[in-house]
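Asker: Here is a sequence together with a model predicted from it:
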Amino acid sequence: MSHVSTTVNVSGMTCGHCVSSVSEELEALAGVEAVDVDLNSGGVSTVTITSTGALSTAEIGEAVAEAGYLVVANEA
């Protein structure tokens, strides 16, 4: 089975509690196997989600919003 890795930027996370809130919401999505958060306190944190299938940005955005944070666009 192949795995899909999705990376999103989340703003507003400042501590370990924020990380666990976001991780819990994302892990509740269907097919999600792992959530890896690179916390940038007070800035934009990078969240990498490993799942068995592709996740829509809407699904991810809703899960992050449920935890009280905001997915922000990649600043390329």
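Answerer: Sure thing, it's come through.
Asker: Give the burial count for the closest residue in space to Cys15 that isn't next to it in sequence, as a bare number.
Answerer: Using C-beta to C-beta, 6 or more residues apart in numbering and skipping the chain neighbours, the partner closest in space to Cys15 is Ser41 (7.1 Å). From N, CA and C alone the C-beta is placed, and that goes for glycine too. Neighbour count of Ser41, defined by other C-beta atoms under 10 Å: 10.
Asker: name the helices or strands packed onto the longest helix seen in the chain?
Answerer: Longest helix of the chain, by residue count under DSSP state H: helix 16-27. Helix 16-27 sits against strand 32-38, strand 44-51, helix 57-66, with contacts defined as 3 or more C-beta pairs under 8 Å, 6 or more residues apart in numbering; DSSP states H and E.
Asker: Dump the ones you listed to CSV, plus distance to Glu24.
Answerer: Formatted as CSV, the helices and strands packed on helix 16-27 follow (distance: least, C-beta to C-beta, whole Å):
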stretch, distance to Glu24
strand 32-38, 9
strand 44-51, 12
helix 57-66, 9
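Asker: Need the pLDDT of the residue minimising distance to the centre of the chain.
Answerer: In the chain, the C-alpha nearest the mean C-alpha coordinate belongs to Val47, at 4.4 Å (C-alpha atoms, centre = their mean). Reading off the confidence values, Val47 has pLDDT 96.
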